[in-house]
Structure formats: structure tokens, C-alpha cells
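Student: How does the following fold in three dimensions:
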Amino acid sequence: MKRFFPLILALILAFALVASDASAQRFTKRKMYNSVGVNLNAMNYFGDIVPRTNITSLRLGATRPNLGFTFTRRFAPRISGRFGLSYGRVTGDDQKSADDKDKDAKYRYTRNMNFRNDIFEASAVGMFDLIENRNNYIRRPDFVPYVFAGVAAFKHNPKGLVGSEADAPQI
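Tutor: Just a heads-up that it's a prediction; the model follows:
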């Protein structure tokens, strides 16, 4: 028993020294950071109410801005989560996109359809960095490839002008 006691004590001491993390290797709360982002995008409609009936048809005058905000939280050296909100509007109008003198587009001009659609989006995304980042936000790597997956929900309410009524029935 006297021979095993120093051996057991040495093994316990060695295990305690090897198993504990060094302070430089620990992912502390200080290294969990948040970031806030703003994005500005362009939204346009392509569908039945366009100048021509082909894929290259686009009415640039109908382009509207889309504004979004994101909040990202780093949870671990490779794992982050992002939440985003955005708002934009798309429009279409036969009076502005169809030509009454064009025989192919005259029926759309006569149809006189129009709409506007406000679109709200909320998204939640999980991100996994392929290159580990144990630094804080000041000393993070310049290039980090990552994989992401998430869900998004949209709320939209198309409205059209019918005669003198401002709002068509909800779709």
C-alpha cells in the first residue's frame, strides 16, 4: 500500500494539471460579443404587371428600397446566432408599365390593374464557423468561412386601387 500511495498521488496531480484549462485557452464571457448590422437592398416586382412579357422586362421606376436590421451574438468559438428584421415594398401598375399603342400590351393597359405590397420579414439564423475564433471582436480572423441555417417568416398585405376604393379585400 505504501508503494501505491505515491503513485496514486502522482496520477491525481498529473490529471489535475492536464485536465484544467489554461486561462488563455478558455472562451470567456469577454469573448462572447454582439454585433449590430444595417442593410439596404433594392426590391422590384416581376410578374403579370410588367412592361413586356419576358424575363428581361423590368421597370426600374418601380424599384423600392428594403431596409433591414440584424443582431448577431457569438455564443462559442464556432457558434453564432443572428436575428434580423426587414421591411420593403413592391408595386406594380398597368398604367405605368403597359403602352396603350402596343398591340401586345394594350390589353394590360385596358385592364388597369395596380397594387402595392408592404413586406415585413423576421429571421433567425444559426451559424457554424469552419475556422475557430477564440479571440474577441477586435482580433478576429480576416476570413472565416461558415455554414448557416435558419428560418424566416414574412407578413405581407397586398392592396390595390379599385375605382374609388382605397383598399381591396385582404388576400
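Student: CA only for contacts and neighbour counts going forward, please
Tutor: Fine.
Student: Residue 12 versus the closest residue in space to residue 64 that isn't next to it in sequence, what's the distance?
Tutor: Among residues not flanking residue 64 along the chain, residue 43 sits closest, at 5.2 Å (Cα to Cα, 6 or more residues apart in numbering). Residue 43 is 64 Å from residue 12, where distance means Cα to Cα, to the nearest Å.
Student: So what sits opposite residue 93 in the bridge?
Tutor: Beta-bridge pairing for residue 93 (DSSP bridges): residue 114.
Student: you'd agree it is up against residue 46?
Tutor: No: taking contacts as Cα atoms under 8 Å, residue 93 lies outside contact range of residue 46: 11.5 Å.
Student: Neighbour count: the two, which is higher?
Tutor: For residue 93 and residue 46, the more surrounded residue by other Cα atoms under 10 Å is residue 93, and the numbers stand at 21 against 17.
Student: follow-up on the earlier one: higher neighbour count, residue 43 and residue 12?
Tutor: Neighbour tally, residue 43 and residue 12, criterion other Cα under 10 Å: the higher count belongs to residue 43, 15 against 12.
Student: Report the contact partners of that one.
Tutor: By Cα atoms under 8 Å, 6 or more residues apart in numbering, the contact list for residue 43 reads 63-66, 88-90.
Student: Recalculate using a threshold of 6 Å.
Tutor: 63-65 (Cα atoms under 6 Å, 6 or more residues apart in numbering).
Student: Any of the residues you listed buried? List them.
Tutor: 63-64 (16 or more other Cα atoms under 10 Å).
Student: May I ask which of the contacts of residue 43 comes out lowest in pLDDT?
Tutor: Of all the contacts of residue 43, residue 63 has the smallest pLDDT value, namely 84.
Student: what residues are up against that residue?
Tutor: Residue 63 sits in contact with 43-44, where contact means Cα under 6 Å, 6+ apart.
Student: Report the separation between it and residue 38.
Tutor: On the measure of Cα to Cα, residue 63 and residue 38 end up 19 Å apart.
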